[in-house]
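Peer 1: Predicted coordinates and the sequence they were generated for:
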Amino acid sequence: MSDVLSKIPIKITIVDKGEAKGILNRLTAPLTVGVISNMLPINSRTSPAMGFISIIIGIERGTEKPVNAVNAGTIAYWPRGDAIGIYPKDFKPYSPVNKIGEITEGLELFTGLRSGSRIIIEKISST
């Protein structure tokens with residue numbers, strides 16, 4: 001699968017704070033990324049947890065190529081919490097996660113976010 005097909009460029013807007021850019025990567029969890037990319041745009045609220053930002057999305061998927069540790073900038077689906085997690089620093093999640101992408105610009109926006117911050121995740125054109 002070429003990069004054009006496997007990587008979906010996204011923009012993450014934290015209302016009243018700024019925008020970050022990233023990608024969803026079909027190669028890391030193809031079924032999970034397929035479901036999430038079809039849901040976009042996602043307009044939700046953040047729930048900062050210990051070490052990561054959680055966005056509950058309601059897809060109820062299981063593990064797919066699960067990992068037990070993530071690097072700063074990772075975007076993952078957390079099956080146990082039925083949520084997307086954005087990790088501003090290296091982290092060992094409480095339970096396995098499906099790595100679904102990464103933040104490529106603006107990772108600093110996710111540090112110190114308050115609970116309930118409005119967040120919008122949407123596809124952007126790759127050009």
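Peer 2: Nice, I can see it. Numbering: from 1, shown residues only.

Peer 1: C-alpha only now, for contacts and for neighbours.
Peer 2: Will do.

Peer 1: Could you list the low-pLDDT ranges of the protein?
Peer 2: The chain contains residues with pLDDT under 70 at 1-4, 126-127.

Peer 1: Just say helix, strand or coil for the residue nearest the centre of it.
Peer 2: In the chain, the C-alpha nearest the mean C-alpha coordinate belongs to Ile75, at 3.4 Å (CA atoms, centre = their mean). Assigned by DSSP: H, G, I helix; E, B strand; the rest coil, the conformation of Ile75 is strand.

Peer 1: Beta-bridge partners for it, please?
Peer 2: Beta-bridge pairing of Ile75 under DSSP bridges involves Ile86, Gly101.

Peer 1: residues in contact with it?
Peer 2: Leu24, Ile84, Gly85, Ile86, Tyr87, Lys99, Ile100, Gly101, Glu102, Ile103 (CA atoms under 8 Å, 6 or more residues apart in numbering).

Peer 1: between those residues, which is closest to Ile59?
Peer 2: Distance to Ile59 across the contacts of Ile75 (CA to CA) is lowest for Ile84, with 10.1 Å.

Peer 1: hang on, the earlier thing: pick out the most distant pair among the contacts of Ile75.
Peer 2: Longest span within the contacts of Ile75, CA to CA: Leu24 and Tyr87, 14.2 Å.

Peer 1: For stretch 108-117, measure first residue to last.
Peer 2: Start and end residues of stretch 108-117 are separated by 15 Å (CA to CA, to the nearest Å).

Peer 1: what's it in contact with?
Peer 2: The contact list for stretch 108-117, computed with CA under 8 Å, 6+ apart, reads 14-15, 17-20, 45-48, 53, 86-88.

Peer 1: again, 7 Å this time
Peer 2: Ile14, Arg45, Thr46, Ser47, Pro48, Pro88 (CA atoms under 7 Å, 6 or more residues apart in numbering).

Peer 1: okay, now the nearest residue to the first one once chain neighbours are set aside: neighbour count?
Peer 2: Right, the one you point to is Ile14. Distances taken as CA to CA, 6 or more residues apart in numbering place Ile119 nearest to Ile14, at 4.6 Å, with adjacent residues excluded. Ile119 has 20 neighbours, counted by other CA atoms under 10 Å.
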